[in-house]
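Build me a structure from this.
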Amino acid sequence: MTVDFQSNVSEWLAAEALPEQGRYKTSFKTHHLGNIFIKSLHGGVTGAFMELAAEAITRETLDQSADLMITSASIDYLRITKDVDLHARAQIVRSSRRLSIVDVECWQDSEEIPVARGVITIKVTT
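Residues are numbered from 1 along each chain as shown. Modelled structure (predicted):
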């Protein structure tokens, strides 16, 4: 199942929601590479996927019709990525009527070895 909003971004990323709430996956595509010599995913692909996951969990948890706007994203790139699928787990840390703060963690081989983690703040307007 493809994430149903921002379809151009989710299609380009090959992003999909997994059955477990808050879990997402982007399937590896060659256009995701940032460094073709070491076959590492572009940092922008990782960051965009994390933002998409934060928006998806916010939309799943809050009002489906609300307009969402990312106001800040602080992402720590922990390890070099590889040319394989990227997984994410998003969890809302705090939510109010107008703001949602989401923790997102990404991994490739094992969830215990994250490649990136971040905190994303989303403005919610109805």
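
list the buried ones in stretch 70-79?
For stretch 70-79, a neighbour-count test (16 or more other C-beta atoms under 10 Å) marks 73, 75 as buried. The way it works is simple: take the backbone N, C-alpha and C, and place the C-beta from them, glycine included.

Not counting stretch 82-89 itself, show me its contacts.
By C-beta atoms under 8 Å, 6 or more residues apart in numbering, the surrounding residues in contact with stretch 82-89 are 22-28, 30, 33, 39-41, 45-46, 49-50, 53, 104-109, 111, 115.

Going by neighbour count, list what's buried in it.
Quick answer for stretch 82-89 (16+ other C-beta under 10 Å): 86, 87, 88, 89.

how about the residues you listed in TSV, adding distance to residue 73 and secondary structure?
Formatted as TSV, the buried residues of stretch 82-89 follow (distance: C-beta to C-beta, whole Å; DSSP: H, G, I helix; E, B strand; the rest coil):
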residue	distance to residue 73	secondary structure
86	16	strand
87	18	strand
88	13	strand
89	16	strand
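
Name the SS class of residue 81, please.
Classification of residue 81 using DSSP: H, G, I helix; E, B strand; the rest coil returns coil.
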